[in-house]
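> 3D model of this:
(one chain, ligands or ions: 1)
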Amino acid sequence: MTRPHSILSTSTPGGVPVLHYGADYNPEQWPDEILAEDIALMREAGVTMVSVAIFAWAELEPRDGEFTFERLDTVIEALHEAGIAVDLATATASPPAWLGLAYPETLPVTREGVRLGHGSRQHICPSSPVFRRYSARLASRLAERYGTHPAVRLWHVSNEYGNHVARCYCETSAAAFRDWLRERYATIEELNEAWGTAFWSQRYDSFDEVGVPAATPSFPNPGQEADFSRFSSDELLACYLAEKEAIREHSNVPITTNFMADFPPVNYREWARHVDVVTDDSYPEPVSQLAAREAAYVSDLMRSLGDGRPFYLMEQTTSAVQWRERNSRKRPGVFTLQSLQRVAHGADAIMQFQWRQSVRGAETFHSAMVSHSGRESTIWPEVVGLGHDLAALSDVVGSRVHADVALLMDWDSRFHRASAIGPGPDRGDAALRAWHGTAFERGYPVDVVFPDSDLRGYRVIIVPELFALSADLAAALTDAAHAGTQVIVTAPTGVLDDTGRAIEGGYASMLSDLLGIRVLEHRLPAGARPREVDPRVDTISAHIHPAGATDEVGIEVVPGSALDRTLERIAHPKPAPRGSLWAEELALEDDVEVLATFSDDDLAGWPALTYRPCGAGGGTYAATDLDAAGRAALLRLAEARARLCPPELPGGVESVRRGEFTFLLNHGERAAELSGQVGLNVLTGTRVTGHLVLPPRSAAVLREEEDA
Ligand code: GAL
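Take a look at the predicted model:
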């Protein structure tokens, strides 16, 4: 039975909006006495919500069918009395020892055929009917008991689906895969065609012969791999849906599960349709200069997965993690600043892993809101300060971020790319992140768009490395350009169609109306290699010159072209963009403008960057992977054509508008002076009338005033 429910109920107890603040709370790791102290500290910190019982299955069901909820009752009651909301987990991410002992088939099997055991977490075969039955039973018992409890404002199903184990290769999974394939392909001939099994004698006579792509002597079949990726994402989703359905029998409270940025194995765009609020776990490397950029990228992605609806940051850390080789701390102010940055980009909750730092177990040295040194820790004042800041921002809840620039992402293309034995390396999300970074550095919030998104209305759409492209999406991009959008496409795009078949007659030809190009061949520079020959003695080989002896691809900007003029405006001396990784041979239609040519080796003189007007918009193509200067120049060119005007800000400062609030975030190490700022700084309660100084690593949030 499905009952109506509303995400509003997570954030509006008594009609008052709350920008939630809190953490994973794991009282099962602690003696009972700590509860009172924890609650006092939570109140001091301004905590409004905690995620409870995420890894508590062994405590809640110590033996098959014996449930012990008494402790959880006490915890939930105490939190409720303190006015702290509960995001109640279904506790199914780490099954107890007895389940795997009684039913070894619930444990996952690796590609090499090794069955993984108990003693860590996520030791789950997603296709196991036994696991699904037991996990749904626990979810159901929890929902029955707590589903109408006023403290429970959100259901947290399992935890980070696919983290650690995204695929299982056991016999149960193989049988489920065959059923999935029978649904997808009406006949075995269709499967043979889609997988190209005429190659290497891989043909199947019936679905019964098909297995999972387990360890093979050489390359596995790319079609089988891509389908197994889709299947594995669907199987994890089925686990989530089984628990969700069990909860819905007893509870109207919103239901979610936590995502992990752009985690490749799980198609979050598909999943986002099934969660009542999108939530994310995010841990940028604190010592990276790109941490703020990373926080912006994942936040833009999360907002976009829900088509612009606010998301919850379900996990981040106050300082260091324990799982990198070196676990650096966040610098003072960064926890607060990047939390406010997430709010600016659409977060309605800032939650951490975890509330109290563990004293035993694998995460003993992971930072928390309450660290081993307790209130004396230098992070505690920042924890309390952020609680105050978020309380001051409660009116932000529910408001939207407007973006003129969009970045196209498609999980299905990523599945194909990861499965294809491609012309070059699969760099995962590197190109998406790089192009998002270019827009971020220029001051744009970015919407991530997907093949099923509405593309109308964006001034600029960037399409980085869309390896597998459907005719429908190509048409939608072309239509957007006709209606006035500037579309930037980068190599390698449109190499396969959406069934995984290589395009004949020129890659990317489905975009030829938009771009006026077709790709005849891919070329890759050889990359930097150690010296292989000694010219004093290797008298033949020393005279052979391999193309492209470095990773770089030389580019020559056409003098006087629009690109050349744009580069002049960027800096003096004018930057000289470089490419890398890809260099393609392009065939051009007559009306295509060449902005730059390749300058190295056999491709010297061939077009590298092109532009073609298309209706009221236009299409830019980059036949190589551009460096930061090249990307910035193409974006500026598109921006000028699209009549966009980003804000002028001092270095290090990001400005994001959300609803009626302007978030001014100084990520830099120097104080920043801004002029022309007007409004009430809701973090300090002071009025700003023009001049504003932002200390290093700090933020101001200005609210428009009625009479201003
Ligand atoms: C997440 C996970 C948490 C915790 C955290 C540590 O992936 O959901 O349970 O392990 O990482 O950074």
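
> quick one: the strands in the stretch 151-300 of the chain?
If DSSP state E, counting those that start in this stretch is used as the criterion, the strands of the stretch 151-300 of the chain fall at 152-156, 255-256, 258-259, 279-281.

> Is the last one in proximity to the ligand?
Yes: in terms of C-beta under 6 Å from any ligand atom, part of strand 279-281 sits within range of the ligand, namely residue 281. For every residue, glycine as well, the C-beta is placed using N, CA and C.

> And that strand, what does it pack against?
strand 258-259, helix 291-305, strand 311-315 (3 or more C-beta pairs under 8 Å, 6 or more residues apart in numbering; DSSP states H and E).

> Reformat these as a markdown table; add distance to residue 664 and mean pLDDT.
Below are the helices and strands packed on strand 279-281 laid out as a markdown table (distance: least, C-beta to C-beta, whole Å; pLDDT from 0 to 100):
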| stretch | distance to residue 664 | mean pLDDT |
| --- | --- | --- |
| strand 258-259 | 28 | 98 |
| helix 291-305 | 13 | 98 |
| strand 311-315 | 20 | 98 |
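
> if we compare those, which one ends up closest to residue 111?
Set against residue 111 and scored by C-beta to C-beta, those come closest in strand 258-259, at 24.2 Å.

> and the closest one with the ligand, contact?
No: counting by C-beta under 6 Å from any ligand atom, the ligand is not contacted by strand 258-259; separation bottoms out at 6.6 Å.

> who touches that strand?
156, 159-160, 266, 268, 271, 278-281, 302, 305, 314-315 (C-beta atoms under 8 Å, 6 or more residues apart in numbering).

> now with 7 Å?
Here strand 258-259 makes contact (C-beta atoms under 7 Å, 6 or more residues apart in numbering) with 159, 160, 268, 278, 279, 280, 281, 314, 315.

> quick one: contacts for the third one?
Contacts were defined as C-beta under 7 Å, 6+ apart; by that measure residue 268 touches 259, 305.

> Need the pLDDT of it.
In this prediction, residue 268 carries a pLDDT score of 98.

> Over to the second one?
You'll see residue 160 listed with a pLDDT of 98.

> so how far is residue 177 from it?
23 Å (C-beta to C-beta, to the nearest Å).

> So for these two, which sits in the more crowded spot?
residue 177 (24 against 19; other C-beta atoms under 10 Å).

> Contacts for the host helix or strand of residue 75 next, please.
Residue 75 belongs to helix 70-81 when assigned by DSSP states H and E. The set of residues external to helix 70-81 that reach it, using C-beta under 7 Å, 6+ apart, is 27, 35, 39, 50, 52, 53, 60, 86, 146, 149, 150, 151.

> circling back to that earlier point, please dump the helices and strands packed on strand 279-281 into TSV; it should also carry mean neighbour count for every row.
Below are those laid out as TSV (neighbours: other C-beta atoms under 10 Å):
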stretch	mean neighbour count
strand 258-259	27
helix 291-305	25
strand 311-315	27
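
> so how far is stretch 619-633 off the chain centroid?
Remark: stretch 619-633 is offset 23 Å from the chain centroid, using C-alpha atoms, centre = their mean, to the nearest Å.

> residues near residue 31, how many?
Number of residues near residue 31 (other C-beta under 10 Å) recorded here: 7.

> The one 5 residues further on too?
By other C-beta under 10 Å, the residues close to residue 36 number 11.

> any idea how far it lies from residue 331?
Distance of residue 36 to residue 331, computed by C-beta to C-beta: 33 Å.

> got the buried residues for stretch 131-149?
Neighbour-count burial for stretch 131-149, counted by 16 or more other C-beta atoms under 10 Å, picks out 131-132, 134-143, 145-147, 149.

> Distance-wise, check the closest residue to residue 603 other than its chain neighbours relative to the ligand.
By the measure of C-beta to C-beta, 6 or more residues apart in numbering, the closest residue to residue 603 outside its immediate chain neighbours is residue 583, 5.4 Å from it. Distance, residue 583 to the ligand, by C-beta to the nearest ligand atom, to the nearest Å: 38 Å.

> for residue 345, same thing?
Taking C-beta to the nearest ligand atom, one finds residue 345 at 20 Å from the ligand.
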